[in-house]
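>>> Please find the sequence and the predicted model below.
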Amino acid sequence: MKLGIVGATGMVGRVMLKVLESRNFPITNLYLSASKKSLGKRLFFRGKSYELIDIEDLLYNKKPNIVLFSAGSSVSKSWARKFEDLGSIVIDNSSAWRMHDHVKLIVPEINAQLLEKDDKIIANPNCSTIQLVMVLFPLHIQYHIKRVIISTYQSVTGTGKRAVDQLKEESIGNFSCKKIYPYPIYNNVLPHCDSFLEDGYTLEEMKLMKETKKILNNQNISITATSARVPVIGGHSESVNISFTKDINIDKIREILLNIKGLIIQDIPNKNIYPMPLNSHGKDDIFVGRIRRDYSFPNSINLWIVSDNLRKGAATNAVQIAEYLIKKN
């Protein structure tokens, strides 16, 4: 398997390398691409040093079987089709292709079976969407979801390295540091993830709402979202309220979630056992807790979901898609 990574030096790209190594992904040739300022630098994988190359070299000279893209929407829009035309399969971590009708939006545990031989560009969902739908999907099958209200508390790693640098600098008192956010993030919460739209929502919130419906293959579910950036390095948290069309049983809901591979239930409140981003670092699982009935509305529940946004929320999901393609073919 000839594998390429576009955006190899970014936060997600580096985690992709860790995930590929830990999962013993079959690679005969590995090609790492990054921006021009990184050309000539080297990254290590399985004890071997790899020189970073530009994307044109990767496209025209290396011709990988699969390319993992994590270099932003503009790069994906400019280059994904070119790789497709030369026979590569592109698994894209940006938002560039997610809502295109002809592009599958894949969480392998939910809808990998949709993939066909002709699918050469495959979209990786938004990090917050992945951890949400992993919980929603099995419950939707059993009880038919009517409405979802979600509030997210998102790590600075979702913005990138410069955001992490800003938080670290501010945490030691350097508030004159270079800022990626419009305000300090240390000791603060910003109700602002991605750009604001004319209707007052942010792009991040719209991603959550639209992508969830596409993955669940149901445009009739009502979804609303509010996303906030919090001073946490690694791990997104979500407070989720779900209403169903069918009568629910809380014990049955716990049982359903307990039996889903990739979900870990941490829900013993009287022993202070519940999901926290601190405990999600470097893990591929999605953690679920605070599962309880919502007494204010019929057939409704509240729960709390936490996941490492760089792992299952990005790198791991992309690698799992690649693994599925190899196994299928």
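Now that the structure is in, tell me what you want to look at.

>>> What is the neighbour count of Arg42?
Using other CB atoms under 10 Å, the number of residues around Arg42 comes to 11. Heads up, the C-betas are built off the backbone N, CA and C, glycines and all.

>>> is it true that it touches Lys48?
No: if you go by CB atoms under 8 Å, Arg42 and Lys48 don't touch, sitting 9.8 Å apart.

>>> the helices in the stretch 201-329 of the chain, which residues?
Using DSSP state H, counting those that start in this stretch, the helices found in the stretch 201-329 of the chain span residues 203-216, 250-258, 316-328.

>>> could the ones you listed go into CSV alongside distance to Gln113 and mean pLDDT?
Formatted as CSV, the helices of the stretch 201-329 of the chain follow (distance: least, CB to CB, whole Å; pLDDT from 0 to 100):
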stretch, distance to Gln113, mean pLDDT
helix 203-216, 13, 98
helix 250-258, 20, 98
helix 316-328, 9, 97
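
>>> As CSV, could you dump the C-alpha coordinates of stretch 96-103?
Written as CSV, here are the backbone C-alpha positions of stretch 96-103 (Å, rounded to 0.1, in the frame of the first residue of the first chain):
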residue,chain,number,x,y,z
ALA,A,96,-14.4,20.9,1.6
TRP,A,97,-16.4,17.9,0.4
ARG,A,98,-18.6,16.9,3.3
MET,A,99,-21.9,18.3,2.1
HIS,A,100,-21.4,17.4,-1.6
ASP,A,101,-24.2,15.1,-2.8
HIS,A,102,-21.8,12.8,-4.6
VAL,A,103,-19.3,12.5,-1.7
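
>>> Buried ones in that stretch, by neighbour count?
Ala96, Trp97, Arg98, Val103 (16 or more other CB atoms under 10 Å).

>>> was I right about the first one contacting Arg81?
The reference is to Ala96. No: taking CB under 8 Å as the definition, Ala96 is not a contact partner of Arg81, at 10.4 Å.

>>> how about the strands in this protein?
Using DSSP state E, the strands of the chain run over 2-6, 29-33, 42-45, 48-51, 66-69, 89-92, 104-105, 121-123, 145-154, 222-229, 236-244, 263-265, 286-293, 300-307.

>>> quick check: domain ranges of the chain?
If you go by automatic domain parsing, the domain ranges for the chain are 2-125+314-328, 128-309.

>>> Span of the last one from start to end?
Right, domain 128-309. Using CA to CA, to the nearest Å, one end of domain 128-309 lies 7 Å from the other.

>>> ok, now how distant is Ser73 from Ala96?
For Ser73, the distance to Ala96 equals 4 Å [CB to CB, to the nearest Å].

>>> for this structure, what's the longest helix?
helix 127-143 (DSSP state H).

>>> Give the other helices and strands that it contacts.
helix 108-111, strand 145-154, helix 203-216, strand 236-244, helix 250-258, strand 286-293, strand 300-307 (3 or more CB pairs under 8 Å, 6 or more residues apart in numbering; DSSP states H and E).
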